[in-house]
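Participant: coordinates for the following, if possible.
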Amino acid sequence: MAFIKLNRENFYHNLNQIALKTGSIDKIAIVLKDNAYGHGLELMAKMASDFGIKHAVVRDEHEADKIRSLFDVTLILGGKITPLDRSTYAINSLEEIANIPKGTRVELKVDTGMHRNGIEISQLLESLDLIDQYELKLVGIMSHYRSADILSSELFWQQKQFDRVKKILQDRVADIRIHSYNSAAILRSKSFDEDLVRVGVAAYGYSELDDSFDTIDLKPVLSLYAKRVSSRVLKRSQRVGYGGSFIAKEDMVVSTYNLGYGDGWCRGDHSRAYITSEGLPILGKVSMDLITLQSDRDIVCIMSNAQKAAKQFGTISYEMTTALSENIERTIA
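Facilitator: The predicted structure is shown next:
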């Protein structure tokens, strides 16, 4: 099977860059949801913990149970609520409050304009009353920005909405953590005054900000490799793979490599061949477990920068990495 190398030095470089923005590594919450954006949940969690990160964010209890011992607090964004030690749980709607076990540490998500999850600002006081009524422990207030990566005033508009939330809370709650910043928000901000920033894609080496923004130097953490399965001489006019969509214009040595859409690699449009990070086009159609390249090397690097790879498929770096199968071997380099 293909394999993935994770660059520890690049990961730590990215975290250092974020720490310069926040003023302290203690304010960084590393987002590890969805297998750490496809990088490998437990490996990335251990590296983050070794660096000194004390806060993590995951998708559900299944992920939290694997890594929560490494962090002071792990925020669980969804799914069932047990609850787990050293974990907090996002409240995503008013209705779910009554079903959360008594004594659970919760963080209330407020919808400031994303219109995806979270209670309405108009429901804030009612939510606080219900949290008290059902004897939950409120430890945080959070929101999420919908357009922080876009050149517009929408980020500032949403921040004003979150300021309204904080003002309402002033006379009701104390000793809770406040956080709304994601990667894009912290990358484009000149100052930071909240308790945490939830850093996802930036920690893994990518900025999805509009090109007009100034940005910081980030380095990709993940590189994807494939191993040679077999080689052959393809004669002029012979065709490769399903449908024979690639036709050799001359005699050439080609090899199959052990990567395909069964491993989470995009099948894409064979008429516009994907070019690997080493400049090799994929010949013909991607199979479930195999691709063909004009090469006889034992190992080839398919992708060393997910953002550049994503542009070939008309998508974003998130999709390229999160799609990669958990079964692919991952090692730290």
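Participant: contacts and neighbour counts: CA atoms only from here.
Facilitator: OK.
Participant: got the contact list for Gly333?
Facilitator: Rather than Gly, residue 333 is Ala. If you count contacts by C-alpha atoms under 8 Å, 6 or more residues apart in numbering, Ala333 has them with 5-8.
Participant: look up how far Lys5 lies from the residue nearest to Thr215 when sequence neighbours are not counted.
Facilitator: Nearest residue to Thr215, sequence neighbours excluded (C-alpha to C-alpha, 6 or more residues apart in numbering): Leu187, at 6.4 Å. Using C-alpha to C-alpha, to the nearest Å, Leu187 is found at 26 Å from Lys5.
Participant: between the two, who's got more neighbours?
Facilitator: Neighbour count, other C-alpha atoms under 10 Å: between Leu187 and Lys5, Leu187 has more, with 23 against 17.
Participant: following the strand or helix carrying the residue nearest to Thr215, which helix or strand comes up?
Facilitator: Using DSSP states H and E, Leu187 maps to helix 183-188. Where DSSP H and E defines the elements, the next helix or strand beyond helix 183-188 is strand 197-199.
Participant: that following strand packs against which elements?
Facilitator: strand 28-31, helix 183-188 (3 or more C-alpha pairs under 8 Å, 6 or more residues apart in numbering; DSSP states H and E).
Participant: rank those by pLDDT, which is bottom?
Facilitator: Of all the helices and strands packed on strand 197-199, the minimum mean pLDDT falls on helix 183-188 (a mean of 94).
Participant: elements contacting that one?
Facilitator: Going by 3+ C-alpha pairs under 8 Å, 6+ apart, helix 183-188 lies up against helix 8-22, strand 197-199.
Participant: show residues contacting that helix.
Facilitator: Under C-alpha under 8 Å, 6+ apart, the answer for helix 183-188 is 18, 21-22, 145, 148-149, 155, 192, 197-202, 207-209, 213-216.
Participant: what's the answer for stretch 159-170, then?
Facilitator: Contact with stretch 159-170 is made by 110, 112, 121, 124, 143, as judged by C-alpha under 8 Å, 6+ apart.
Participant: repeat that for stretch 92-100.
Facilitator: Residues from elsewhere that reach stretch 92-100, judged by C-alpha under 8 Å, 6+ apart: 78, 81, 91, 108-110, 117-119, 123, 127, 130-131, 134, 136.
Participant: if you set the cut-off to 7 Å instead, what comes out?
Facilitator: For stretch 92-100, the external contacting residues (C-alpha atoms under 7 Å, 6 or more residues apart in numbering) are 81, 109, 117-119, 127, 130-131, 134.
Participant: that concludes my questions; thank you for your assistance.
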